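>>> Here's my sequence, what's the structure:
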Amino acid sequence: MRIVLLGAPGSGKGTQSQRLVARHGIPQISTGDLLRAAVARGSPLGLQAKQAMDAGRLVEDEIVLGMIRERLAAPDSHRGFILDGFPRNLTQAQALEKLLNELGRPLDRVVQMDVRLQELLRRISGRRTCADCGRVFNRFDANAAQSESEPCPRTGAPHRLFQRPDDNEETVAQRLRVYEEKTKPLVEFYRGKGLLRTIPAEGDVDEITARLESALRGIAAARTSGARKKSPIRRRSKPARGKEPARGKTSAAAAPRPAKANPRRTQKASAHAKVAAKLAAPAKPPRKTTAGAKRGGRTTPVRGRAVRRNQS
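Presented below is the predicted three-dimensional model:
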């Protein structure tokens with residue numbers, strides 16, 4: 001399952017991505033996490049990204065795509081992946097499509113998580129992040145207090161929560177304007193590809209998860225039917241002109257080998273044939289008798305002649 005989650009900041013992409021990871025065992029690929037990890041490792045792509053960020057520039061799409069290519073080479077992504085936060089504009093979407101086609105792993109589905117503007121502002125302003133494990137909480141959620149009281153999985157201590165600088169209302173409003181301007185056109189792009197599904201992403205978290213799972217159903221069946229359509233049609237090969245065997249006859253290569261002749265069977269067959277020929281031949285006229293036979297005597301054939309016997 002290879003999917004992209006589309007949605008404005010605060011639409012719940014991160015929360016639902018984590019649930020998909022737990023259910024389906026496929027990784028969530030966040031470009032923000034990739035950038036931070038590459039910079040921390042000091043990889044060639046990370047160094048290039050760091051230079052751009054230190055200079056106050058946006059990281060080039062080529063660098064981000066290179067990181068995604070490296071991430072998709074990991075074994076855990078072979079069964080699928082969830083892209084969160086990328087692509088952000090039409091140019092990135094086209095570049096991502098080209099990359100995935102080169103890898104032979106095109107997208108199966110794109111899900112747009114639709115949330116009203118006022119709800120987005122409420123969610124983002126109430127968002128808090130753990131400084132140790134990176135888990136995101138929202139103080140407006142019904143179960144927020146219970147979730148925050150759980151120990152941090154990384155330290156075992158209570159979560160150290162903070163508000164990101166870009167989660168204040170002024171920054172959020174600017175981010176939403178950028179989303180409307182650049183990211184919203186992706187909806188039409190993926191709708192034209194037949195990949196887009198839109199779900200309401202407001203309400204209970206479990207209900208949103210159920211809607212998301214419903215939007216993702218049928219991916220395996222669609223992939224199988226697509227493979228059948230692309231499979232070549234097998235046609236029977238035709239023989240070359242002038243070499244087509246006559247109808248009802250087999251070729252010399254396919255003809256069975258003649259059985260070896262048996263002398264005894266041949267003799268018996270010949271004898272039976274002779275007897276059958278005699279039976280089928282017309283009856284011979286009666287043989288003429290000698291004068292003695294006419295006078296009432298009997299004749300006995302001896303070597304082809306009739307010998308008259310006297311009657312006593």
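>>> Residue 30 touches residue 85, doesn't it?
Yes - with contact defined as Cβ atoms under 8 Å, residue 30 counts as touching residue 85 (5.3 Å). Bear in mind the C-beta positions are built from the backbone N, C-alpha and C, glycine included.
>>> would you say residue 176 is within a strand?
No - counting by DSSP: H, G, I helix; E, B strand; the rest coil, residue 176 is not found in a strand; it is helix.
>>> Tell me where the model's unsure across the stretch 101-250 of the chain.
142, 144-146, 220-250 (pLDDT under 70).
>>> just the helices in the protein please.
Secondary structure of the chain by DSSP state H: the helices cover 13-24, 31-41, 44-54, 61-72, 90-103, 117-125, 144-149, 169-178, 185-192, 205-216, 219-230, 263-280, 291-294.
>>> Contacts for the third one, please.
Spelled out, it's helix 44-54. Contact with helix 44-54 is made by 35, 37, 38, 39, 40, 58, 59, 60, 63, 66, 67, 70, as judged by Cβ atoms under 8 Å, 6 or more residues apart in numbering.
>>> Just give me the least confident of those.
The lowest pLDDT within the contacts of helix 44-54 belongs to residue 58, with 80.
>>> Quick one, grab the pLDDT at the nearest residue to residue 107 once chain neighbours are set aside.
Spatial nearest neighbour of residue 107, excluding adjacent residues (Cβ to Cβ, 6 or more residues apart in numbering): residue 2 at 5.3 Å. On pLDDT, residue 2 comes in at 96.
>>> give me the beta-bridge partners of residue 2?
Under DSSP bridges, the beta-bridge partners of residue 2 are residue 81.
>>> contacting residues around it?
Here residue 2 is in contact with 80, 81, 100, 105, 106, 107, 108, 109 (Cβ under 8 Å, 6+ apart).
>>> swap in residue 195?
Here residue 195 is in contact with 107, 108, 109, 110 (Cβ under 8 Å, 6+ apart).
>>> Could you tell me how many residues sit around the residue nearest to it when sequence neighbours are not counted?
The spatial neighbour of residue 195 that comes closest, neighbours along the chain excluded (Cβ to Cβ, 6+ apart), is residue 110 at 4.6 Å. Neighbourhood size, residue 110 [other Cβ atoms under 10 Å]: 24.
>>> likewise residue 143?
Around residue 143 there are 10 residues (other Cβ under 10 Å).
>>> Please name the residues that touch it.
Contacts of residue 143 (Cβ under 8 Å, 6+ apart): none.
>>> repeat for residue 71
27, 29, 34, 77, 81.
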